[in-house]
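Engineer: coordinates for the following, if possible.
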Amino acid sequence: MFVSASRLVIKLGTGLLTTPRGNALDMAQFRRLTAEIAALVQAGHECLVVSSGAVGAGMVTLKLKERSRDLPSIQACAAVGQSRLMRVYETQFGRHGLAVAQVLLTHQDLDSRICYANAQNTLNCLLEHRRVVPIINENDVVAVEELRFGDNDRLSAEVAILARANLLIVLTNAEGLTLEPDGRGLPIPLVENVSQVAHLASGSKGRLSTGGMATKLQAVRIAVEAGVEAVIANGRKPGLLERIVRGEMIGTRFVVPIGKSADARSASVATPAT
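Structural biologist: As a prediction, this is how the structure comes out:
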């Protein structure tokens, strides 16, 4: 039984969407995750997906075994891989009667009052159609922030604020935030103050990803300070999305600080000042 309808931002990282060896997109993951997201949509929730994976998809197409270090090569991978990534989403969501919409953003877009408003209006219009799932990624061909740092972690927080979401769900290969530096052990179920647990975050990351738990915590801090609750959980475990939306303590849940509310979104750090 789902909770009342809500607006959700679901972030899927590169490591979650590729095979353990990193040499192909994990189609079983795509099938399962899109099915779980489709179930949420069918239950009345509005879902926006912030998806990495374009660079990984491009590496596969270009037959690269390792992620390039020079920026032009990485951006070329993204250019090749983005269309392939969207075809996969289109096919998988199509199985459930859903369409997809590609939305490419940069942090400069979100710093511009006009672009911010346009993006917000576009997302709202797409969600009004009910049967459309926006797939959001950074425009890696012209921007570099997520290629070098964060694997779309910060972008997911900014989108959650932009869309006035009720919940940001960051799915990763980790169980959540743990007391162990290597990420092992049981996750901390509830965090009320992100600053008090920041020292627990490891900067380690996967071979194909550009983020780590540290960047996820930074994203969570942005979200909760703007009034958006957040969860970090293991996206390789089936059925977690439904349970998270129900309010079960899965992974690590970050609650909005006392005194903050949904109204804080309008004054958040992601809202452009000019």
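Engineer: going forward, measure contacts and count neighbours with C-alpha atoms only.
Structural biologist: Noted.
Engineer: all helices of the protein, in order?
Structural biologist: Ranges of helices in the chain, per DSSP state H, are 14-17, 27-42, 54-61, 71-94, 107-111, 113-128, 145-148, 153-162, 213-225, 240-246.
Engineer: which one of those has the poorest average confidence?
Structural biologist: Of all those, the minimum mean pLDDT falls on helix 145-148 (a mean of 54).
Engineer: count of neighbours near A76?
Structural biologist: Residue neighbour count, defined by other Cα atoms under 10 Å, stands at 16 for A76.
Engineer: wouldn't R154 be in contact with A219 here?
Structural biologist: Yes - at 4.6 Å, R154 counts as touching A219 under the criterion of Cα atoms under 8 Å.
Engineer: so for those two, which residue has more residues nearby?
Structural biologist: Looking at R154 and A219 with other Cα under 10 Å, you find the greater number of neighbours at R154, namely 25 against 22.
Engineer: the strands in the stretch 151-274 of the chain, which residues?
Structural biologist: In the stretch 151-274 of the chain, the strands defined using DSSP state E, counting those that start in this stretch lie at 167-172, 190-191, 229-234, 252-254.
Engineer: and E138, which of those is closest to it?
Structural biologist: Closest to E138 of the strands of the stretch 151-274 of the chain, according to Cα to Cα: strand 167-172, at 16.0 Å.
Engineer: what are the contacting residues of that closest one?
Structural biologist: 7-13, 15-16, 153, 156-157, 160, 216, 223, 228-236 (Cα atoms under 8 Å, 6 or more residues apart in numbering).
Engineer: rebuild the strands of the stretch 151-274 of the chain as a markdown table, extending it with mean pLDDT and distance to T106.
Structural biologist: As requested, the strands of the stretch 151-274 of the chain are arranged in a markdown table below (pLDDT from 0 to 100; distance: least, Cα to Cα, whole Å):
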| stretch | mean pLDDT | distance to T106 |
| --- | --- | --- |
| strand 167-172 | 96 | 19 |
| strand 190-191 | 94 | 29 |
| strand 229-234 | 96 | 22 |
| strand 252-254 | 96 | 26 |
